[in-house]
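Student: 3D model of this:
(chains A and B)
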Amino acid sequence: MNWSSPAEFFAMGGYAFYVWGSYAVAALCIGLELWWLLRRARTLVTGAGLKAQPSAQRP
Amino acid sequence: MPLNIWRFASPQVFYSLAGKLIPWFLVAAALLGAAGLYVGLLVAPTDAQQGDAYRIIFIHVAAAWMSMFIYTVMAFWCAVGLIVNTRLSFMMALALAPTGALMTFIALWTGSLWGKPTWGAWWVWDARLTSELILLFLYIGFMSLHAAIDDVRRADRAAALLALVGAINVPIIYFSVKWWNTLHQGASVSLTRAPSMARAMLLGMLLVALAAWMYSIAASLMRVRSLILERESDSDWVQTIVRTEAAK
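Tutor: Got it, this is the predicted structure:
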C-alpha cells in the first residue's frame, strides 16, 4: 500500500484535480454509454423502436 | 461435425450468441478493472519524476490502445463487408465506431489532464496528439457519413470505404513518436524489449487495458444486437422476440 491515510490518497500528491478529473470523466463516459446502450436495447425489444409492422400497427 | 463459422454470420444466430456472451464480458471487465485500479491507484508507488500525476496513464494508455485497436478491427470488418458482402460485417463495423470514438475521446481528455501538470500545456500540436485527434475525426466522420445516407446498403459501403482509407492513420499514430521528434514520450511497453517501468505500474496498466478490451467487446456486442434488431425488423424471428416481450 502506497498511502498512509485516505486524505493523502484523495490529495494525489497535489494532483487531485488532474487525476480525479481523468477518472471521473472516463467513468462518466462509460456510464453514459452503458445507459444509452441498455435503453436502446430495451426500446427495441419491446417493439417501440422498430418500424410498425402490419401485426402491430401503432397510431 | 466441424464448426461452421459462417453460421455465425447469420444475424439471427449471432444475436443470440452475443446475448449469451455479453454478461461474461461485462463481469470480466468489472473484475479486471477493479483489480487494475486497485493495483494502479493503491499499490503502485509514486513516480519519482511525475509524482502522482502519472496515475492518469492507467486509463490513458488503456483508452489510447483501444482507440487504435478498435479502429483496426472496424476497418477489418469494413474490408470483409466490402469483399464478402456479409450484412453482419457492416453492422459490426458500425457497432464498433461509437465505442472507438469514446476511447479516443478518453485518451485525448486524460492526455490533456496529464499534459498540463507534466508538460505545462493542455495541448500541443505534436505528431502523436494530432494524429490521435484525426482518429477521433475519422470515427465521427464514419458515423456521420453513415447517418447521412438513407439507403443502408449504400451507407455501409460508403462509410466502409472511408474507414479503409482512414486506416492509414493507425500506423501513423503508433509510429509517430519514432518518426517525428515529439513531445509525447516513446512507448514504455513494447513487444521487442523489456518494459521500462516498475512492476506494479506495469501490472496495473495491463489489467486496466484488459478491462478496456472486455468492456469494448461487451459494448460493441450490445450495440450490434440493437443494430440487428433494427435491420432485421421485418423478419419473423425479430417479430417473435417482440411479441414474446410484449406478452410479458
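Student: spell out which parts of chain A neighbour chain B.
Tutor: Residues of chain A found near chain B (C-beta under 8 Å from any C-beta of the partner chain) are A:1-3, A:9, A:12-15, A:18-19, A:21-23, A:25-26, A:29-30, A:33-34, A:37-38, A:40-41, A:44-47, A:49-51, A:53, A:55-56. In short, each C-beta sits where N, CA and C put it, glycine included.
Student: just the buried ones from these?
Tutor: The neighbour count (16 or more other C-beta atoms under 10 Å in any protein chain shown) marks A:3, A:9, A:12-13, A:15, A:18-19, A:21-23, A:25-26, A:29-30, A:33, A:37, A:40-41, A:44-45, A:47, A:49-50 as buried among the residues of chain A next to chain B.
Student: contact partners for residue B:63?
Tutor: Applying C-beta atoms under 8 Å, 6 or more residues apart in numbering or on different chains, we find residue B:63 in contact with A:26, B:103-104, B:106-107, B:110, B:212.
Student: check residue B:173 too.
Tutor: Residues counted as contacts of residue B:173 (C-beta under 8 Å, 6+ apart) are B:68, B:128, B:131-132, B:135.
Student: and the helix or strand of chain B with the lowest mean pLDDT, how far out from the chain's middle?
Tutor: Ranked by mean pLDDT, DSSP states H and E, the weakest helix or strand in chain B is helix B:236-247, scoring a mean of 84. Centroid separation for helix B:236-247 versus its chain: 31 Å, with C-alpha atoms, centre = their mean, to the nearest Å.
Student: residue B:58 contacts residue B:36, correct?
Tutor: Yes - contact criterion C-beta atoms under 8 Å: residue B:58 and residue B:36 qualify, at 6.6 Å.
Student: what do the two both touch?
Tutor: In contact with both residue B:58 and residue B:36: B:204-205, B:208, using C-beta under 8 Å, 6+ apart.
Student: for these, give me JSON lines that also has secondary structure.
Tutor: Formatted as JSON lines, the shared contacts of residue B:58 and residue B:36 follow (DSSP: H, G, I helix; E, B strand; the rest coil):
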{"residue": "B:204", "secondary structure": "helix"}
{"residue": "B:205", "secondary structure": "helix"}
{"residue": "B:208", "secondary structure": "helix"}
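Student: closest to chain A out of these?
Tutor: Chain A has its nearest neighbour among those in residue B:208, at 10.0 Å by C-beta to the nearest C-beta.
Student: per-residue pLDDT, that closest one?
Tutor: Note on residue B:208: pLDDT of 96.
Student: list the contacts for the residue nearest to it when sequence neighbours are not counted?
Tutor: The shortest distance from residue B:208 to any residue other than its chain neighbours is 3.6 Å, reached at residue B:36 (C-beta to C-beta, 6 or more residues apart in numbering or on different chains). Residue B:36 sits next to B:58, B:204-211 when contact means C-beta under 8 Å, 6+ apart.
Student: the inter-axis angle of the helix or strand encompassing residue B:36 versus helix B:236-247?
Tutor: Per DSSP states H and E: residue B:36 is located in helix B:11-37. Angle, helix B:11-37 to helix B:236-247, by axes from the mean of the first three to the mean of the last three C-alpha atoms, to 10 degrees: 60 degrees.
Student: ok, stretch B:234-248 near chain A or not?
Tutor: Yes - interface with chain A: stretch B:234-248 contributes B:234, B:238-239, B:241-243, B:245-246 (C-beta under 8 Å from any C-beta).
Student: same thing with stretch B:127-139?
Tutor: No - under the criterion of C-beta under 8 Å from any C-beta, stretch B:127-139 makes no contact with chain A; the nearest approach is 13.0 Å.
Student: and that stretch, how far out from the chain's middle?
Tutor: With C-alpha atoms, centre = their mean as the basis, stretch B:127-139 stands 14 Å off its chain's centre.
Student: again with stretch B:155-171
Tutor: Per C-alpha atoms, centre = their mean, the displacement of stretch B:155-171 from the mean C-alpha position of its chain is 15 Å.
Student: next: stretch B:117-136.
Tutor: Distance of stretch B:117-136 from the chain centroid (C-alpha atoms, centre = their mean) equals 19 Å.
Student: could you give me the buried positions within it?
Tutor: Of the residues in stretch B:117-136, those buried by neighbour count under the rule 16+ other C-beta under 10 Å are B:117-118, B:126-132, B:134-136.
Student: residue B:48: neighbour count?
Tutor: Residue B:48 has 8 neighbours, counted by other C-beta atoms under 10 Å in any protein chain shown.
Student: and the one 3 residues further on, by the same measure?
Tutor: With neighbours defined by other C-beta under 10 Å, the count for residue B:51 comes to 16.
Student: for the residue nearest to it when sequence neighbours are not counted, which three-state class applies?
Tutor: Nearest residue to residue B:51 in three dimensions, chain neighbours excluded: residue A:13, at 4.6 Å (C-beta to C-beta, 6+ apart). Assigned state for residue A:13: helix (three-state reduction, three-state DSSP).
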